[in-house]
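Q: what's the 3D shape of this:
(one chain, ligands or ions: 1)
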Amino acid sequence: MTMSELPEVPSGFVWGAATAAYQIEGGVAEDGRGASIWDTFTARPGAVADGTSGAVACDSYHRWRDDVDLLAGLGVDAYRFSIAWPRVIAAGEGEVNKAGLDYYDRLVDALAERGIRPFVTLYHWDLPQALEDSGGWRNRATAERFADYTTVVAERLGDRVRDWITLNEPYVSSMVGYGEGRHAPGATEGHGALAAAHHLLVGHGLSAAALRAAHSGVRVGITLNLSPAVPATDSPADHAAAARMDLMLNRQFTDPVLGGGYPDGYDELYAGVSDLSFRRDGDLALIGAPLDFLGVNYYYRIHAAAVPHDEPDPARRTAIDIGVRSVTREGVPVTDLGWPIEPRGLYDTLTGLADRFPNLPPVYVTENGVAQLREGLDADPDRIRFITEHLAAAARATADSPVDLRGYFYWSLLDNFEWARGYGPRFGLVHVDYPTGERTPRASYHWLREQLAGRS
Ligand code: FCB
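A: Residues are numbered from 1 along each chain as shown. I've put the predicted structure just below:
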């Protein structure tokens, strides 16, 4: 294997590319779609770096046929995309918007015609605004509405879609959305953010059950963003900081979802911040029900340094104020976004999961990718190197541990609306010219196509 070749993978390994509804669709006011928290949040001055929104994005609401052609041309086995809840049920509950469901129905059919397997994410952060108006994920009722929405979608698409992902990155939805306030709905809370995290997990459990009730033979998973947290220095304080970061970012989600309940030290981490009164008997069994697969999004490791709490009074702390700062380390290369490039973090994530969870289900890397800030359409050797190095690390993990890695989805098929960073970062295998919507495959697309075509 040379540095620009993909490693050998077991037969049946799934190669895919990923996107998300709000980042690519546009068409936010068309055919009965309701508002989402991202429509509201992006209108807030200063919320998005370049003042933009997903109102048009890649216009995939109209150009989805082009996107399916691009996937087919690339030769991937699978496409991970998400369904916009407010397109299907505008107010989040109640009346179903047939036109919204029809859009995804056509997309699924077009994928089937090209032999591309859909991996459908039910929630990639675009909560219907009407549900946020009554409390959003702070409320258990939102988890119940999520299950109702799941049933509607599964009844329509479940005859053709086998692989379902309930949530994308509940860490980001809860801790970044309700704790840090950098994402929609832009809240900076302690108890509320922890309640949101728990209710997202309850929603996951209810949604998984709804999928299984709607169709036999579905494969149900969840996607978590996992980042090993390593101490920035050898000091005991930084070691403790890394452990706190690991609890908040990783284990708050892996442990309950994989049947272990909340990890030791979690409740203490938030002593005084929240009384955790949103937990109910039976929740952990629901959240930890066996899954068919775990989706892992891996981008970087965190180098954690201890810092004093911004807010010394626990009752006024936000959920992300745990006395840790993420720092850059000299000698560690970074992407244009300043994200450390450390493929060993993917190795450690996969082997770590296998070590800690003897009953770990099969794993898919559901996102991994790199952004450039330059517009360029020229060769993108950094992206090709990023993919090969991360896949090599993943292959080593499967050789060294029992982790059952079944697939890899590159983030993203297209340049798209990168949340609070707007349109600056370009993650795509395919360049998008936003004013015209024109798509142009990059060198990495052509490279990946050749690699996939060369498979035996
Ligand atoms: C992940 C998100 C995805 C994209 C990538 C870069 O956290 O799931 O939508 O923004 O980061």
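Q: residues touching Phe427, list them.
A: By C-beta atoms under 8 Å, 6 or more residues apart in numbering, the residues touching Phe427 are 369-371, 411-412, 415-416, 418. Where C-beta positions appear, they are placed from N, C-alpha and C, glycine not excepted.
Q: And it, how close does it get to Thr52?
A: Plainly put, Phe427 is 16 Å away from Thr52 if you go by C-beta to C-beta, to the nearest Å.
Q: go on, Arg406?
A: Taking C-beta to C-beta, one finds Arg406 at 36 Å from Thr52.
Q: ditto for Phe409
A: For Phe409, the distance to Thr52 - C-beta to C-beta - is 25 Å.
Q: So for the two, which sits in the more crowded spot?
A: Of the pair Phe409 and Thr52, Phe409 is the one with more neighbours under other C-beta atoms under 10 Å, namely 27 against 17.
Q: Please report phi then psi for that one.
A: Torsion angles at Phe409 (phi, psi; degrees, to the nearest 10) stand at phi -110, psi 120.
Q: close enough to count as contact, it and Ala18?
A: Yes. Contact status for Phe409 versus Ala18: in contact at 4.3 Å, counting by C-beta atoms under 8 Å.
Q: Kindly report the residues of the stretch 251-400 of the chain close to the ligand.
A: Contact residues, the stretch 251-400 of the chain versus the ligand (C-beta under 6 Å from any ligand atom): 297, 367.
Q: in the stretch 251-400 of the chain, which spans are strands?
A: For the stretch 251-400 of the chain, the strands defined by DSSP state E, counting those that start in this stretch occupy 293-297, 302-306, 324-326, 363-367.
Q: and for Phe409 and Ala18, which residues touch both?
A: Common contacts of Phe409 and Ala18 (C-beta under 8 Å, 6+ apart): 80, 119, 366-367.
Q: Now restrict the residues you listed to buried residues only.
A: Among the shared contacts of Phe409 and Ala18, the ones that count as buried by 16 or more other C-beta atoms under 10 Å are 80, 119, 366-367.
Q: low pLDDT regions in this protein?
A: Residues of the chain that meet the criterion pLDDT under 70 lie in 1-3, 378, 456.
Q: remind me, longest helix of it?
A: helix 191-214 (DSSP state H).
Q: Could you list every helix and strand that that helix packs against?
A: Packing partners of helix 191-214 (3 or more C-beta pairs under 8 Å, 6 or more residues apart in numbering; DSSP states H and E): strand 117-123, helix 140-157, strand 163-168, helix 170-171, strand 219-225, helix 252-257, helix 283-287.
Q: Pull out the buried positions in that helix.
A: Within helix 191-214, the residues that count as buried by 16+ other C-beta under 10 Å are 191-212, 214.
Q: Can you give the distance of it from its chain's centre?
A: Put simply, helix 191-214 sits 15 Å off its chain's centre (C-alpha atoms, centre = their mean, to the nearest Å).
Q: how about that helix, does it reach the ligand?
A: No. Judged by C-beta under 6 Å from any ligand atom, helix 191-214 makes no contact with the ligand; its nearest approach is 13.9 Å.
Q: when you compare where that helix runs with where strand 117-123 runs, what's the angle?
A: Per axes from the mean of the first three to the mean of the last three C-alpha atoms, to 10 degrees, the angle that helix 191-214 makes with strand 117-123 is 140 degrees.
Q: Now do helix 191-214 against strand 163-168, angle only.
A: Counting by the same axes, to 10 degrees, helix 191-214 lies at 170 degrees to strand 163-168.
Q: Any residues of the stretch 101-250 of the chain in contact with the ligand? List them.
A: Counting by C-beta under 6 Å from any ligand atom, the stretch 101-250 of the chain comes close to the ligand at 168-169, 172, 225.
Q: just the angle between the longest helix of the chain and helix 140-157, please?
A: Going by the same axes, to 10 degrees, helix 191-214 makes 30 degrees with helix 140-157.
Q: Using CSV, write out every CA atom in helix 191-214.
A: Taking Å, rounded to 0.1, in the frame of the first residue of the first chain, the C-alpha atoms of helix 191-214 are listed here in CSV:
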residue,chain,number,x,y,z
HIS,A,191,-29.5,22.1,34.1
GLY,A,192,-31.2,22.7,30.8
ALA,A,193,-28.3,21.4,28.7
LEU,A,194,-28.0,18.3,30.8
ALA,A,195,-31.8,17.8,30.5
ALA,A,196,-31.4,18.2,26.8
ALA,A,197,-28.7,15.6,26.6
HIS,A,198,-30.7,13.1,28.6
HIS,A,199,-33.9,13.7,26.7
LEU,A,200,-32.1,13.3,23.4
LEU,A,201,-31.0,9.9,24.6
VAL,A,202,-34.5,9.1,25.7
GLY,A,203,-35.6,10.2,22.2
HIS,A,204,-33.0,7.8,20.8
GLY,A,205,-34.4,4.9,22.8
LEU,A,206,-38.0,5.7,21.8
SER,A,207,-37.1,6.2,18.2
ALA,A,208,-35.2,2.9,18.0
ALA,A,209,-38.2,1.1,19.5
ALA,A,210,-40.5,2.9,17.0
LEU,A,211,-38.3,1.8,14.1
ARG,A,212,-38.4,-1.8,15.2
ALA,A,213,-42.2,-1.6,15.7
ALA,A,214,-42.7,-0.2,12.2
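Q: Look up how far the ligand lies from the nearest residue to Val370 once chain neighbours are set aside.
A: Leaving aside its sequence neighbours, Val370 sits nearest to Phe386 (C-beta to C-beta, 6 or more residues apart in numbering; 4.2 Å). As judged by C-beta to the nearest ligand atom, to the nearest Å, Phe386 and the ligand stand 13 Å apart.
Q: Good, wrapping up.
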